[in-house]
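Student: the following comprises the amino acid sequence and a computationally predicted model.
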Amino acid sequence: MPYISSIAAVAAFAAQALAVPAPQTSGAPATNGFSVAQVAGPQYFKSGAAQILKTYAKYNATVPPTTVSNLKVAAAAQQSGSVTANPESYDQSYLCPVQVGSQTLMLDFDTGSSDLWVFSTLQASAQRTGHTSYSPGVAVQQTGETWNISYGDGSGASGVVYSDKVVVGPVTATSQSVEAATSVSSSFTQDTDNDGLLGLAYPNINTCAPKQCQTFFQTVQSSLPQKVFTATLKHGKPGSYDFGFIDSTKYTGALTYTPVTQQQYWMFKATTYSVGGTTYTTNIGSSIADTGTTLWYLPSAVVSNYYSKVSGAKNSAAAGGWIFPCSATLPNFVVTIGGAQHTVPGSLINYAPYSSTQCFGGIQPNTGIGFSIFGDIFLKSQFVVFDVGNNRLGFAQQA
């Protein structure tokens, strides 16, 4: 059972009477780090168009209004059943249980953001339907501190900040900054798969103001043997995150590192690639590793080169992206990062059925985003090391 040490509890109680206490940890393994396993959450309908809309909003993509309009129509058509669904149209969500205060919430560990924000009882009840909500109770509110995640499509979430206990695996972060929502837009309320996010990007993109909040990893890193965490996401089953150590049983071959080129997102440079035995010498360029994004977004020319190897593939305005016959055998995609080649099997690039005969591609153009996003389609084939201490990323094929 997670716990707060008696010393930490007394310190937290005393600090409540004086000021906002500094975050601390207790219960952390001194030498081995700790692991957090994902668990199966609710099923959700897989809509490629909806995923692209979500990504465009998250990264404030600059795209023509007609593109957004077409995507909304495509997403609505799928959700309303205008496009025939089958069992493969649904997927299980895989989330991480996190105790925030006295509630256990299902959070999405997101390397594309650095806010730890949660649905809360401060919101109108209608906004909280389908979610477990954080109740601040006796937690200390950080005076004057607010947070605001605002997306280019007008959606967003905002609220106030409390200091409270956050338990992840065996580790308790006492007086951790918890961003409690007071208002969220409909796009968040409709996403009942999770109760909030635990951001694992660099802290300088945290949205708390006037002072940025300390992230969960900042709080726990001093108790870890190494300032690293790793992601082992899986296709069709729960994955895991490890903090403070690298488990060599989870990957095969060499672990290759590449420097982080911009310390906001986990940004790196991807170079050449090959598809179906054809090598392309043009570099993919600036890219980020984002566990909070489903699809894999690459430059348009790269995407076109990939689907040129798939008979019957087309970029469909009605579908909102590249589709192909579900009977097609997709080629592997091999990308070079840090001088090493990393292979994504073609089977993982089939995201979801679009119709009874057509499927939606897991690789889509990064139009208007400004960089490529290596989301779950890529990450589910890789063991990824987020090396905070050395500002680098490590990649290896999953075992």
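Tutor: Nice, thanks for sending it over. All figures in this text were calculated on a predicted structure; none of them were measured in a lab.
Student: contact partners for residue 390?
Tutor: residue 257 (C-beta atoms under 8 Å, 6 or more residues apart in numbering). Glycine gets a C-beta too; all of them are placed from N, C-alpha and C.
Student: which helix or which strand is home to it?
Tutor: Residue 390 belongs to no helix or strand when assigned by DSSP states H and E.
Student: please apply the same query to residue 52.
Tutor: Going by DSSP H and E, residue 52 is in helix 48-58.
Student: so for the helix or strand immediately after that helix in the chain, what gets flagged as buried?
Tutor: Using DSSP H and E, the next helix or strand after helix 48-58 towards the C-terminus is helix 65-80. Using 16 or more other C-beta atoms under 10 Å as the test for burial, helix 65-80 gives 67-68, 70-71, 74-75, 77-78.
Student: what are the ranges of the helices in the stretch 151-300 of the chain?
Tutor: 186-189, 216-220, 300-307 (DSSP state H, counting those that start in this stretch).
Student: buried deepest among these, which one?
Tutor: Highest mean neighbour count among these (mean count of other C-beta atoms under 10 Å): helix 216-220, with a mean of 23.
Student: tell me what that one is packed against?
Tutor: strand 24-26, strand 156-168, strand 171-184 (3 or more C-beta pairs under 8 Å, 6 or more residues apart in numbering; DSSP states H and E).
Student: out of these, nearest to residue 300?
Tutor: strand 156-168 (28.2 Å; C-beta to C-beta).
Student: buried sites along that closest one?
Tutor: Along strand 156-168, these residues count as buried under the neighbour rule (16+ other C-beta under 10 Å): 156-168.
Student: quick one: which of the residues you listed is nearest residue 192?
Tutor: residue 157 (14.5 Å).
Student: how much space between the nearest residue to the closest one once chain neighbours are set aside and residue 123?
Tutor: Computed as C-beta to C-beta, 6 or more residues apart in numbering, the closest residue to residue 157 that is not its neighbour in sequence is residue 184, at 4.2 Å. In this view, residue 184 and residue 123 are 7 Å apart by C-beta to C-beta, to the nearest Å.
Student: of the two, who's got more company?
Tutor: residue 184 (24 against 20; other C-beta atoms under 10 Å).
Student: residues contacting the more buried one?
Tutor: So residue 184 contacts 119, 123, 127, 156-158 (C-beta under 8 Å, 6+ apart).
Student: from those residues, which one has the minimum pLDDT?
Tutor: The lowest pLDDT within the contacts of residue 184 belongs to residue 156, which sits at 89.
Student: that one bridge partners, please.
Tutor: Per DSSP bridges, residues listed as beta-bridge partners of residue 156: residue 150.
Student: I'd say it and residue 185 touch.
Tutor: Yes - using C-beta atoms under 8 Å, residue 156 is in contact with residue 185, at 5.6 Å.
Student: give me the neighbour count for residue 233.
Tutor: 23.
Student: how about it, what does it touch?
Tutor: Here residue 233 is in contact with 94, 239, 291, 376, 379-380 (criterion: C-beta under 8 Å, 6+ apart).
Student: switch to 7 Å and redo it
Tutor: 239, 291, 376, 379-380 (C-beta atoms under 7 Å, 6 or more residues apart in numbering).
Student: can you pull the phi/psi pair for it?
Tutor: phi -90, psi 150 (degrees, to the nearest 10).
Student: pLDDT score assigned to it?
Tutor: 96.
Student: for residue 110, see how far away residue 358 is.
Tutor: 30 Å.
Student: out of the helices of the stretch 151-300 of the chain, which gets nearest to residue 138?
Tutor: That would be helix 216-220 among the helices of the stretch 151-300 of the chain, by C-beta to C-beta, at 20.1 Å.
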